[in-house]
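# below are the sequence and a predicted model; questions follow.
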Amino acid sequence: QVQLVESGGGLVQAGGSLTVSCAASGSIDSIYEMGWYRQAPGKSRESVASIRRDGTTNYADSVKGRFTISRDNAKNTVSLRMNSLKPEDTAIYYCKTTIQRGPIFLGYWGQGTQVTVSS
C-alpha cells in the first residue's frame with residue numbers, strides 16, 4: 001500500500017500565495033509521476049499540474065505562469081507553489097502519485113486539502 005499525506009491548504013486572499021505539499025510512503029517501488037488535481041464544488045476533478053520522474057512538468061492552462069510544481073525524489077515529496085491566487089482557484093486539492101511496478105502503473109490519491117481564496 002501507498003500512503004499520501006497532504007499539507008499546506010488554507011485560506012488566503014486573492015493575489016496571495018500558498019504552498020501545498022504531499023509526502024508518499026509505503027510500498028513505493030518507483031514513482032513514475034506525482035501531481036495535483038483539484039475539485040471545486042459542483043465541478044469535476046481536474047488536473048492542475050504534474051511532474052514525472054525525469055522532471056518533465058505539465059500544467060493546466062488556467063494555472064500556467066502562476067503555479068509551480070516541484071519534487072524531491074529522495075524524499076518522495078511533491079509541492080505546489082501557488083502564486084497570484086484567484087477565487088476560482090478555490091477547491092479541494094488532491095495529490096496523486098503513480099507508481100510503476102514493471103509494466104504496471106498504479107495510481108494512489110491523497111485525502112485532499114482545502115484551498116480557499118477570498119475575493
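That came in fine, so what should we check first?
# please make it C-alpha for all contacts and neighbour counts, starting now.
Will do.
# the strands in this protein, which residues?
With DSSP state E as the criterion, the chain has strands at 2-7, 10-13, 18-26, 31-39, 46-52, 57-59, 67-72, 77-82, 91-101, 104-109, 113-118.
# now render those strands as TSV, adding mean neighbour count and mean pLDDT.
Below are the strands of the chain laid out as TSV (neighbours: other CA atoms under 10 Å; pLDDT from 0 to 100):
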stretch	mean neighbour count	mean pLDDT
strand 2-7	18	93
strand 10-13	15	97
strand 18-26	19	95
strand 31-39	22	96
strand 46-52	20	97
strand 57-59	17	98
strand 67-72	19	96
strand 77-82	20	97
strand 91-101	22	95
strand 104-109	14	94
strand 113-118	20	97
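# how much space is there between the residue lying closest to R45 once chain neighbours are set aside and F105?
For R45, ignoring the flanking residues on the chain, the nearest one in space by CA to CA, 6 or more residues apart in numbering is Q39 at 4.3 Å. With the distance defined as CA to CA, to the nearest Å, Q39 ends up 23 Å from F105.
# ok, K75 next?
Distance from K75 to F105, by CA to CA: 20 Å.
# now do S50
15 Å.
# so which residue is smack in the middle of the chain?
The C-alpha lying nearest the average C-alpha coordinate of the chain belongs to W36 (CA atoms, centre = their mean; 2.3 Å).
# surely L11 and S118 touch.
Yes - with contacts counted by CA atoms under 8 Å, L11 reaches S118, the gap being 7.3 Å.
# which residue packs closest to V20, ignoring adjacent ones?
Nearest to V20 is G8, by CA to CA, 6+ apart, at 4.3 Å.
# contact partners for that neighbour?
By CA atoms under 8 Å, 6 or more residues apart in numbering, the contact set of G8 is 18-21, 113.
# can you check Y32 too?
Applying CA under 8 Å, 6+ apart, the residues near Y32 are 52-53, 97-100.
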